[in-house]
Structures are given as C-alpha cells and as structure tokens.
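Participant: Have a look; sequence and predicted model below, questions after that.
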Amino acid sequence: MELLDKAVSQLLYPPILFFVLGMFAALVRSDLKISSELGAAMRLFLLCAIGLKGGVGIAKAGIGEVLVPALAAIVLGIGIVLIGYLILTKLKFDVANAGTIAGHYGAVSATTMIFGFAYLEEIGVYYEAFAPALYPFMDSAAIITAILLTRVALAKKKRTGIKVNTQEIFKEGIKVNIQEIFKEVVLGKAVLLLMACLVIGYAGGVEGTAGIMPFFDGMFKGVLCLFMLDMGLIAASRLRDWRIVGHYLVAYALIMPPVHGIAGVALGSFIGLSVGGATMLGILAASGSYISAPAAMRAAIPEANPSLSLTAAVALTFPFNIFVGIPLYYMVAQRIAIN
C-alpha cells in the first residue's frame, strides 16, 4: 500500500507529468516534436550540472570516501552482466543478443540517474554528494565485461560450431581490441562529459564553482521537465515495437531491474551509504542504458539486433523505473535502515 501511495504521489511531480504528456502526444500522433539536437543539448546540460555538483561533493568528502562505493558499483556492473548473460542464454537468446542485452542492463541510464537525483531532492532526502561519481565506474565495468564475454563466446562458437558453455568462456583466448573498447566506453560522450565535469567540480571546489553553479542549479528543474517531455515522446514511439522483443525479453525487462535495484540498495546499505545514497546505487543498478551501451555494443558486437535491447530499455524498463521502481528502491532503503 505504501508503494502504491508513493507511485500515485509520483504522478504529481512535474517532470513525470511532462513525461506523461510526451507519451500521450506520441501515442495520439500529435505533431509535437523535439529535435534530436535540442534533446542532446538538454542531456549535456543535465550531465554537466550533476557532474559539477558531484565533483564539489568529492572535494568536500575526500577521494577516500569514494573508493569503497566505487568498488561496489564496479562489482554490481560486472555481476549484473554475468547473471543476465546466463539467464538470457537459458531463455534461448543467441550469444550476441544475450551479451548485448546483459550489457545494456549492467550499464547505466544517465536519464534515470538524473531523474533519481531530482526525485530525492524533491522529497528532501539526503544522499552523498559524490554519488554521481559512481556512474562511470558501473557503466564502464558493465560494458567492458559484456563486450569481452560476448566476443570470446562468439569466437568459440565460430571455431567449434557448438553451443557455448558460459563457465568455459574465460578459458578461451581473448581476441578483442582493448584500445577500441576503451575508446568506445570511457571516451563515449556521456561518460566523458560526466567524468570531466566531476574533475572540474573537484578541482574548483565550492569557491571555484560558486560563479557557475547558480546557472546550473537555477535551470536544472526546468530543463529536466523539457527533457522528460522528450523522453516521453521517445519511449512511446518505441512502445509500438514491443512485439519485436518477445515475451521473454518483456519479462526480463520488467522483472530483473527491480531485482538489480534491490541488490544495489542492499549493497549500498551494507557499505554504509545513507538511505539516499543506497537508493541511488539501486537506481543505477536497476536502469538500462540506451546512450552509452548502444554506441559501444553496436561497434563491438555488430551481430546483435539493437532493436531488442533498445526497445526493452527505453519502452519498458525506463517507464517502469520512473513510475514504480524509484519509489520502490527508496522504500526498500528506508526499511533496511530501520532494521
């Protein structure tokens, strides 16, 4: 009942209403459009704002405070990929698509992360200011793991022509271009921009960023509303393609994210994060990437069908997390803290 109440109250949050407006406009085939260039600009603004704030937070707390949470984020990213790959291959997905989908769900949705921070601030919940720094650790670890896992599996399958045993994958030689993987993952625009702004915020500290933070803080919620409108348009347009992914992937896209999220909340609570910090780690773990992962996966695993992972992440997992998942992870973090 508490989760239902939180989900209902969530609907009255302006960014959510803008998201619903976007979905409605797309479903009724309105001519309401937001250009891809404007959407990209809004995403860049939001990532800069979050990165700068996170960098200032790291400067306040000290780098030592970030090490354990960063390790936890890496473990979650790798673990979600490995478990996801095993489940998806058991569900009869081929090696390329299983690895790609698992990589998308181990990686992080920047949009879901942005909304998670805004949600916690709206309800007045404290979270560690360095929390944005966890994004690149989880995202990069998941994507690199998925690419290595899939390329090795595909290499073995090509040589032997038989089904790949997941437990034997890492016994094979790894014939992948590590430099290219690094370029696609770490130098991708979302990860690069967030990491750069974290460094800028850390180097400037409170005093150095005092002149620019009013600009980012003052416009953040307004830009977020317009960005959520754009995401509603995109999600609804993808929703029409849900038949492409099949019922197994629909189930995976709706069942596994809360499992990942609750695991992230539990791990965050275990390592001593606040309720808000544990919630954010859960949100990162529960999200499905449709920015960094598609770019890296498409280049490294061209054998996969990108429609499967993109439709599942955008049309199914993203709306689920926005409407139900985020309040759920916050509620679980509260319950763990009480106990």
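Facilitator: Perfect, thanks for sending it.
Participant: Tell me, how many residues neighbour His247?
Facilitator: Using other C-beta atoms under 10 Å, His247 has 9 neighbouring residues. Bear in mind the C-beta positions are built from the backbone N, C-alpha and C, glycine included.
Participant: If you could redo that for Leu38, that was the one I meant.
Facilitator: Using other C-beta under 10 Å, Leu38 is surrounded by 13 other residues.
Participant: so Val68 makes contact with Phe270?
Facilitator: No: assessed by C-beta atoms under 8 Å, Val68 is found out of contact with Phe270, at 10.2 Å.
Participant: Let me see the ranges of the strands in the stretch 151-300 of the chain.
Facilitator: Assigned by DSSP state E, counting those that start in this stretch, the stretch 151-300 of the chain shows no strands.
Participant: What ranges in it fall below the confidence cut-off?
Facilitator: Of all residues in the stretch 151-300 of the chain, those with pLDDT under 70 make up the ranges 158-186.
Participant: can you give me the helices in it?
Facilitator: 178-186, 189-208, 213-239, 242-270, 275-286, 292-300 (DSSP state H, counting those that start in this stretch).
Participant: how many degrees apart are the longest one and helix 213-239 in direction?
Facilitator: Which is helix 242-270. Going by axes from the mean of the first three to the mean of the last three C-alpha atoms, to 10 degrees, helix 242-270 is angled at 140 degrees with respect to helix 213-239.
Participant: Tell me which of the helices of the stretch 151-300 of the chain sits most buried.
Facilitator: Ranked by mean neighbour count, the helices of the stretch 151-300 of the chain are led by helix 275-286 with a mean of 29 (mean count of other C-beta atoms under 10 Å).
Participant: list the helices and strands it packs on?
Facilitator: Helix 275-286 sits against helix 64-90, helix 110-122, helix 134-160, helix 242-270, helix 326-338, with contacts defined as 3 or more C-beta pairs under 8 Å, 6 or more residues apart in numbering; DSSP states H and E.
Participant: so how far is that helix from its chain's centroid?
Facilitator: Relative to its chain's centre, helix 275-286 lies at 11 Å (C-alpha atoms, centre = their mean, to the nearest Å).
Participant: Ok, stretch 296-314 next?
Facilitator: Here the centre of stretch 296-314 is set off from its chain's centre by 15 Å, with C-alpha atoms, centre = their mean.
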